[in-house]
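Trainee: attaching a predicted model along with its sequence, questions to come.
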Amino acid sequence: MSSRFRKRWLGPPSFYKKVLVISVPLALQQLLNSAMGITDSIMVSWIGQVSAVGTAAQLENLMMTVGFGVASGAGIFMSQFFGRHDLAGERKAFGLGLILSLINALVWMMAARLLGRQIMSFYIQDPAVIESALQYLNIAMISYLPGALITMFSFAYRCIQKTHVPMLIGLCSMVVNVVLNYCLIFGHFGFPQLGVRGAALGTLCAQCTGLLIHGIYAWRTHQPFVGTPGQMFAIRADFAVPVLRRAWPLIVNELLFGFGNTLYIRAFGRLGTEAMDAYYVGNQISNMFFFIVQGLNSANGAILGASLGKGDLTLARQQGNWFVALAVVLSALSSVLILTFAQPMVSLFGLQNPRVFQDAVLIVRIFSLRISLRMFNVLVFSALRAGGDSKYLAFLDAGIMWLVGLPLAFVLVEGFHLTSIALVFLIIQVEQLVRMVIGLKRYFKGVWLVDLTREVKTV
């Protein structure tokens, strides 16, 4: 191995130590969230409500996806202000993120309240599934508000490289969710047996608990991004406009990407309830392995953002290359793990239909390919996001989904009348390949190497 190769692609031990410190707590938090989702799915599978809860959750997924865009937009400035040691900038960026997160949650709550039945009918035509989905949705929609604000708190800790805090708070929320779901779905320990409504109520209580802990902890420990209301929310136009200019493409991207994901559900829904059961189970299991991607994504954004905020563009480019090399190794490992444990994990759901079971196993295995490709793409996105190259990121993420993935899915289902959801899901991974090729070209051009703190006035 030549010294030139090592210098470009392999970082010093201090770099990998920092990556571990930042990424491991976030990866564990993602793992906990996925484990909580799997536990919920297993419980509702025991009462035959997998498709109902999965369909109702599509609206929450949209809300959280847009919330991710909101938090990302505020977060790219928080990371750079952190690198620059600009406390006033951190607090104003956090305050703006909270305001936008609140607006996002209220919009989706209103949509769930006023258009819930129409939205559920858009995804699936089974009347029984729609009724059960509405029972879940009418309670779960209240959790959108604490869920959106928790996302902003989590991003704030990522930006200041204290990722262990949201991990520990997420663990508390997970315990509350699992315990209450077990009690309320099945009526154990004197609680009423509420079925699918119990699952929604458990989620709501868990989210409220998480937000309460976040607020108390941040205030009592004097976190740097928390200040007086005036320090956080007295935001002038010369601060808000540059932030929103960089943030709005991320928000639109997440909205289009989230809606695109729900259109995939609509396409898969044409294959029937059995196909949807297989997809929801496979997707939940695969999400459990996505924790590696999320951890690297957060570490990448925090480290590159801090370097860019300091104005050290050469270091930021080096660190970006080290992340790309790290992704090669970790994507291979994650693929092997998914392929190895696909069947045993699907067995946990107690699926009675052999065809649904086999399709779920196949979907999990196909996700091993998807996650490997997605890891490269997410790291490219993190670099572009850290430098504010948000418009091109929106093209890479949502644009390619709408130009390649979605048309391909509907052509396969409606045009070629394929009936195997596993085969359809495999073919549409072409989308990830296209995104990776174009994204890497953009990354190596280096247009994302920008110090954004020079664009705004914090005082």
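Mentor: Structure received. Numbering: from 1, shown residues only.
Trainee: for the stretch 51-200 of the chain, just list every one of the helices.
Mentor: 87-123, 127-140, 144-159, 164-186, 196-220 (DSSP state H, counting those that start in this stretch).
Trainee: most neighbours per residue, which of these?
Mentor: helix 144-159 (a mean of 26; mean count of other Cβ atoms under 10 Å). To be clear about C-beta, it is placed using only N, CA and C from the backbone, and glycine gets the same treatment.
Trainee: mind putting the helices of the stretch 51-200 of the chain into TSV with mean pLDDT and distance to Leu393?
Mentor: Output for the helices of the stretch 51-200 of the chain, formatted as TSV (pLDDT from 0 to 100; distance: least, Cβ to Cβ, whole Å):
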stretch	mean pLDDT	distance to Leu393
helix 87-123	90	18
helix 127-140	85	30
helix 144-159	91	16
helix 164-186	88	23
helix 196-220	91	27
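Trainee: dump these into TSV; add distance to Ala240 as well.
Mentor: Below are the helices of the stretch 51-200 of the chain laid out as TSV (distance: least, Cβ to Cβ, whole Å):
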stretch	distance to Ala240
helix 87-123	6
helix 127-140	32
helix 144-159	16
helix 164-186	25
helix 196-220	22
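Trainee: Val324: which of those helices is closest?
Mentor: With Cβ to Cβ as the criterion, Val324 lies closest to helix 144-159 of the helices of the stretch 51-200 of the chain, at 20.0 Å.
Trainee: that closest one packs against which elements?
Mentor: Using 3 or more Cβ pairs under 8 Å, 6 or more residues apart in numbering; DSSP states H and E, the elements in contact with helix 144-159 are helix 13-45, helix 50-84, helix 87-123, helix 164-186, helix 196-220, helix 291-310.
Trainee: of those helices, give the one that comes closest to Phe268.
Mentor: Nearest of those (Cβ to Cβ): helix 87-123, 9.3 Å.
Trainee: and the angle from that closest one to helix 196-220?
Mentor: 170 degrees (axes from the mean of the first three to the mean of the last three Cα atoms, to 10 degrees).
Trainee: show me the shaky parts of the chain.
Mentor: Flagging of the chain using pLDDT under 70 yields the residue ranges 1-2, 33-38, 40-41, 45, 49-50, 288, 291, 350, 455-459.
Trainee: tell me, how many residues neighbour Ser347?
Mentor: Ser347: 12 surrounding residues under other Cβ atoms under 10 Å.
Trainee: I misspoke; the intended subject was Val329.
Mentor: The criterion is other Cβ under 10 Å. On that basis, Val329 has 9 neighbouring residues.
Trainee: is it within a helix or a strand, and which one?
Mentor: For Val329, the host element (DSSP states H and E) is helix 313-347.
Trainee: what's the following helix or strand after that helix?
Mentor: helix 354-386.
Trainee: next one: that following helix to chain centre, how far?
Mentor: On the basis of Cα atoms, centre = their mean, to the nearest Å, helix 354-386 is displaced by 13 Å from the centre of the chain it belongs to.
Trainee: report the angle between that helix and helix 313-347.
Mentor: 170 degrees.
Trainee: packing partners for helix 354-386?
Mentor: Checking 3+ Cβ pairs under 8 Å, 6+ apart, helix 354-386 ends up next to helix 50-84, helix 273-289, helix 291-310, helix 313-347, helix 390-394, helix 421-427, helix 430-445.
Trainee: of all those, which one is nearest Asn253?
Mentor: helix 390-394 (3.6 Å).
Trainee: list the buried residues of the closest one.
Mentor: The neighbour-count check on helix 390-394 (16 or more other Cβ atoms under 10 Å) flags Ser390, Lys391, Tyr392, Leu393, Ala394 as buried.
Trainee: who's in contact with Ala332?
Mentor: When contacts are counted by Cβ atoms under 8 Å, 6 or more residues apart in numbering, Ala332 is found next to Ser372.
Trainee: what about it, distance to Leu373?
Mentor: If you measure Ala332 against Leu373 using Cβ to Cβ, to the nearest Å, the figure is 12 Å.
Trainee: any residues in contact with both of these two?
Mentor: With Cβ under 8 Å, 6+ apart, Ala332 and Leu373 have no common neighbours.
Trainee: include distance to Phe444 when you put the helices and strands packed on helix 144-159 into TSV, please.
Mentor: Conversion of those to TSV gives the following (distance: least, Cβ to Cβ, whole Å):
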stretch	distance to Phe444
helix 13-45	20
helix 50-84	20
helix 87-123	29
helix 164-186	32
helix 196-220	38
helix 291-310	15
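Trainee: nearest to Val129 among the ones you listed would be which one?
Mentor: Nearest of the helices and strands packed on helix 144-159 to Val129, taken as Cβ to Cβ: helix 50-84 at 5.0 Å.
Trainee: and the angle from that closest one to helix 13-45?
Mentor: Using the same axes, to 10 degrees, helix 50-84 lies at 160 degrees relative to helix 13-45.
Trainee: got the buried residues for helix 50-84?
Mentor: If you call a residue buried by 16+ other Cβ under 10 Å, then helix 50-84 has these buried ones: 50-60, 62-84.
Trainee: quick one: distance of it to the chain centre.
Mentor: 6 Å.
Trainee: same check, this time on stretch 215-235
Mentor: Centroid separation between stretch 215-235 and its chain, computed with Cα atoms, centre = their mean, is 25 Å.
Trainee: could you do stretch 316-331 as well?
Mentor: 21 Å.
Trainee: ok, and what's touching it?
Mentor: 8-11, 15-16, 19, 292, 296, 299-300, 303-304, 307-308, 371-373, 375-376, 379, 382-383, 386-387, 443, 446, 449.
Trainee: list the buried residues in that stretch.
Mentor: For stretch 316-331, burial by neighbour count (16+ other Cβ under 10 Å) applies to 316-324, 326-327, 330-331.
Trainee: with just CA atoms, put that stretch into PDB.
Mentor: What follows is stretch 316-331, C-alpha atoms only, in PDB (Å, rounded to 0.1, in the frame of the first residue of the first chain):
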ATOM      1  CA  ALA A 316     -12.500  19.000   5.500                       C
ATOM      2  CA  ARG A 317     -11.600  17.500   2.100                       C
ATOM      3  CA  GLN A 318      -9.200  15.000   3.700                       C
ATOM      4  CA  GLN A 319     -11.800  14.000   6.300                       C
ATOM      5  CA  GLY A 320     -14.400  13.500   3.600                       C
ATOM      6  CA  ASN A 321     -12.100  11.100   1.800                       C
ATOM      7  CA  TRP A 322     -11.500   9.100   5.000                       C
ATOM      8  CA  PHE A 323     -15.200   8.700   5.400                       C
ATOM      9  CA  VAL A 324     -15.600   7.400   1.900                       C
ATOM     10  CA  ALA A 325     -13.000   4.700   2.500                       C
ATOM     11  CA  LEU A 326     -14.600   3.800   5.900                       C
ATOM     12  CA  ALA A 327     -17.900   3.300   4.100                       C
ATOM     13  CA  VAL A 328     -16.400   0.700   1.800                       C
ATOM     14  CA  VAL A 329     -15.500  -1.500   4.700                       C
ATOM     15  CA  LEU A 330     -18.600  -1.000   6.800                       C
ATOM     16  CA  SER A 331     -21.000  -1.500   3.900                       C
END
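Trainee: going forward, the N-terminal residue is numbered 50.
Mentor: Will do, 50 is the new start, and the previous item becomes stretch 365-380.
Trainee: I am finished for the moment; much appreciated.
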